[in-house]
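Peer 1: okay, here's the prediction I keep looking at, along with the sequence it came from:
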Amino acid sequence: MPSFLAAADKDIAKEAGKILKKQGLDIRVDTKVTNAEVQGDQVVVTSESKGESSEESFDKLIVCVGRRAYSEKLLGDDSGIQLTERGLIDVNDQCKTNLDGVYAIGDLVRGPMLAHKAMEEGMMAVERIHGEKAQVNYDTIINVIYTHPEIAWVGLTEQEAEAAGFEVKTGSFNLAANGRALAQSEAEGSIKVVADAKTDRLLGMHAISAGAGDIVHQGMIAMEFVSSIEDLQLMTFAHPTISEAVHEAALSADGRAIHAIQRKKRKK
Ligand SMILES: Cc1cc2nc3c(=O)[nH]c(=O)nc-3n(C[C@H](O)[C@H](O)[C@H](O)COP(=O)(O)OP(=O)(O)OC[C@H]3O[C@@H](n4cnc5c(N)ncnc54)[C@H](O)[C@@H]3O)c2cc1C
């Protein structure tokens, strides 16, 4: 890929790149692995970058891209269940296939290949079979990258919100000014909120921080309750917690953060 963490919000991806490189990771974008061979106790990897090919030896090679649904020979030839071009089982928003009474969930169907998404879909399918009206909200599925510090987000990135036609406003807060992060020597990272400038509605929350995977659940709950940035501003967050940075990020969306230099004009 031409950029690092292409799916993440650009600001968070940039910060993640900086933090992880500082930890010693050698991150190469726009680089294609073209061959890998075991030679003795080493793996010789050939890669191509900017038209040039090079060979390097490593102790181990982990291949962690390219997961796909395993639907080969899963269904009988005459099952009648429709698959997509990519071999996924074709389902609607309620996980129902083209056949009445047949549902499919998880990695075999569209959407992110995540355990929590699969579990919710499983519950929805069973409840639907029982005639209930369950519905997974696909707009609030959380993504977590379990690095240290963690990277996590829910909802739209700033770039996705702009592409979707929203007039976007954002707020962010750096953990270098968060008391708890400093006290536990984890003051790297930041929290960012993305909102609709017209309605003030929260559209996304993004974090690279200690416990980011837990932190963004606040964004998920807020989004489920259709909260505005002002709602988050008006709540009292305990001190000293990393969650205070969520409050400050929301405040900063209107130039009102109290532990940061304000670059935006304060909202009247
Ligand atoms: C290395 C790794 C790390 C991951 N880490 C995370 C993570 O941190 N967080 C997260 O949210 N997700 C993670 N995932 C993704 C997560 O595991 C999947 O999204 C989730 O398990 C999907 O659930 P599922 O029920 O659709 O499929 P599965 O959990 O794969 O279950 C499918 C089951 O069907 C069985 N099966 C297959 N074919 C047949 C057949 N023909 N007949 C009968 N049984 C069959 C399989 O044996 C399996 O038990 C990770 C995945 C991998 C591979």
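Peer 2: Structure's in. What do you need? Numbers count the residues shown, from 1 in each chain.

Peer 1: going by C-alpha atoms from here, please, whenever you check contacts or count neighbours.
Peer 2: OK.

Peer 1: need the contact list for the residue sitting nearest the centre point of the chain.
Peer 2: Geometric centre of the chain, nearest residue: Asn143, 3.2 Å, by CA atoms, centre = their mean. Residues in contact with Asn143 (CA atoms under 8 Å, 6 or more residues apart in numbering) are Ala152, Trp153, Val154, Gly213.

Peer 1: let's go with 10 Å and repeat that
Peer 2: When contacts are counted by CA atoms under 10 Å, 6 or more residues apart in numbering, Asn143 touches 7-8, 112, 114, 116, 151-155, 206, 213, 216.

Peer 1: tell me, how many residues neighbour Gln39?
Peer 2: 9 (other CA atoms under 10 Å).

Peer 1: isn't it right next to Ser57, touching?
Peer 2: Yes - using CA atoms under 10 Å, Gln39 makes contact with Ser57 at a distance of 8.9 Å.

Peer 1: just how off-centre is stretch 20-32 within its chain?
Peer 2: Stretch 20-32 sits 19 Å away from the centroid of its parent chain (CA atoms, centre = their mean, to the nearest Å).

Peer 1: what mean pLDDT does that stretch get?
Peer 2: In this model, stretch 20-32 has a mean pLDDT of 96.

Peer 1: need the helices for the protein, in chain order.
Peer 2: Assigned by DSSP state H, the helices in the chain fall at 10-22, 115-129, 158-163, 179-183, 212-215, 217-224, 229-234, 244-252.

Peer 1: so which of these is the most packed in?
Peer 2: Highest mean neighbour count of the helices of the chain: helix 244-252, a mean of 28 (counted as mean count of other CA atoms under 10 Å).

Peer 1: quick check: mean pLDDT across it?
Peer 2: Helix 244-252 shows a mean pLDDT of 98.

Peer 1: next one: stretch 9-17
Peer 2: Here stretch 9-17 scores 98 as its mean pLDDT.

Peer 1: quick check on the contacts of Asn143: which are buried?
Peer 2: Ala8, Ile151, Ala152, Trp153, Val154, Gly155, His206, Gly213, Val216 (16 or more other CA atoms under 10 Å).

Peer 1: which of these fall in strands?
Peer 2: Using DSSP state E, the members of those that fall within strands are Ile151, Ala152, Trp153, Val154, Gly155, His206.

Peer 1: ok, the fourth one - contacts?
Peer 2: Yep, that's Val154 we're talking about. Applying CA under 10 Å, 6+ apart, the residues contacting Val154 are 8, 139-144, 193, 203-207, 213, 216-221, 223.

Peer 1: repeat that with 6 Å
Peer 2: Taking CA atoms under 6 Å, 6 or more residues apart in numbering as the criterion, Val154 is in contact with Thr140, Ile142, Gly204, Met205.

Peer 1: nearest spatial neighbour of it, chain-adjacent residues omitted?
Peer 2: Ile142 (4.7 Å; CA to CA, 6 or more residues apart in numbering).

Peer 1: re the thing from before, any idea what the residue nearest to the centre of the chain is bridged to?
Peer 2: Trp153 (DSSP bridges).

Peer 1: what's the separation between it and Gly155?
Peer 2: 9 Å (CA to CA, to the nearest Å).

Peer 1: for Asp78, same thing?
Peer 2: Applying CA to CA, the value for Asp78 to Gly155 is 39 Å.

Peer 1: likewise Asp9?
Peer 2: Asp9 sits at a distance of 10 Å from Gly155 (criterion: CA to CA).

Peer 1: can you pull the residues of the stretch 101-250 of the chain lying near the ligand?
Peer 2: Contacts of the stretch 101-250 of the chain with the ligand, taken as CA under 6 Å from any ligand atom, map to Ile105, Gly106, Asp107, Leu108, Met113, Leu114, Ala115, His116, Ala118.

Peer 1: one more time with 5 Å
Peer 2: Residues of the stretch 101-250 of the chain lying close to the ligand (CA under 5 Å from any ligand atom) are Gly106, Asp107, Met113, Leu114, Ala115.

Peer 1: quickly list the domain ranges of the chain.
Peer 2: Domain assignment of the chain by automatic domain parsing yields the ranges 10-58, 68-141, 143-252.

Peer 1: many thanks, I have nothing further to ask.
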